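In: sequence plus predicted model, see below.
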Amino acid sequence: MKKIKICLLSMMLFAGLAAFAQQDSTAPQAQPDSQAADAQAKPQLMTLKGTVNADGGKYTFVNDADGKSWDVMNPEKLKGHEGHHVQLSAHVYTDKNSIHVMTVKMLKSQPAAQ
C-alpha cells in the first residue's frame with residue numbers, strides 16, 4: 001500500500017511539472033521585436049575628429065568628415081577644449097542629433113581648409 005501511495009504522489013508531481021513546463025513554452029515569444037528595439041536603443045561608439053564650439057552653456061561638435069554639427073549630451077567632458085581641434089570617442093545618437101562623449105584627445109593642428 002505504501003508503494004502505491006508513493007507512485008501516485010510521484011506521478012502527480014511529474015504531471016504538475018509537465019503542465020508548468022508546457023505553460024511556459026506556450027507564452028508568446030517576442031525576441032525578434034525586442035532585438036530590433038535593442039539595436040535601435042544602443043548607440044554606436046564612434047571615433048570622430050572635429051572642432052568643439054561653445055555658445056553659453058551649450059556645446060556642439062562639428063565633425064571634420066562631413067561638417068555635421070552634433071549637440072553634446074555631457075558638455076562637462078569638453079570644458080577647456082572650446083575652439084580646439086579634437087578627436088572624440090563618443091556614442092552617436094543619430095535620431096537625436098547628439099553625441100555622448102566618452103574620451104577627448106587634443107590633436108596637434110587644425111585641418112587645412114579645402
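Out: Looks like it arrived, so ask away. Numbers count the residues shown, from 1 in each chain.

In: which secondary structure elements does the top strand by length along the chain contact?
Out: Criterion DSSP state E: the longest strand present in the chain is strand 44-55. Packing partners of strand 44-55 (3 or more C-beta pairs under 8 Å, 6 or more residues apart in numbering; DSSP states H and E): strand 58-63, strand 85-93. All C-beta atoms are positioned from the backbone trio N, CA, C, and that covers glycine.

In: same list, the ones you listed, but as JSON lines with mean pLDDT, mean neighbour count and distance to K49 please.
Out: Formatted as JSON lines, those follow (pLDDT from 0 to 100; neighbours: other C-beta atoms under 10 Å; distance: least, C-beta to C-beta, whole Å):
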{"stretch": "strand 58-63", "mean pLDDT": "95", "mean neighbour count": "18", "distance to K49": "7"}
{"stretch": "strand 85-93", "mean pLDDT": "95", "mean neighbour count": "18", "distance to K49": "5"}
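
In: could you dump those strands to TSV with distance to K42?
Out: Listed next are the helices and strands packed on strand 44-55 as TSV, based on distance: least, C-beta to C-beta, whole Å:
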stretch	distance to K42
strand 58-63	20
strand 85-93	9
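
In: per-residue confidence for K105?
Out: pLDDT, K105: 95.

In: that one against H84, yeah?
Out: No: K105 is beyond contact range of H84, at 10.4 Å (criterion: C-beta atoms under 8 Å).

In: of these two, which one has the most company?
Out: A count of neighbours by other C-beta atoms under 10 Å puts H84 above the other of K105 and H84, at 14 against 11.

In: circling back: so which of the helices and strands packed on strand 44-55 is nearest E76?
Out: strand 58-63 (9.0 Å; C-beta to C-beta).

In: name the next helix or strand downstream of the closest one, please.
Out: Moving toward the C-terminus from strand 58-63, the next helix or strand (DSSP states H and E) is strand 69-72.
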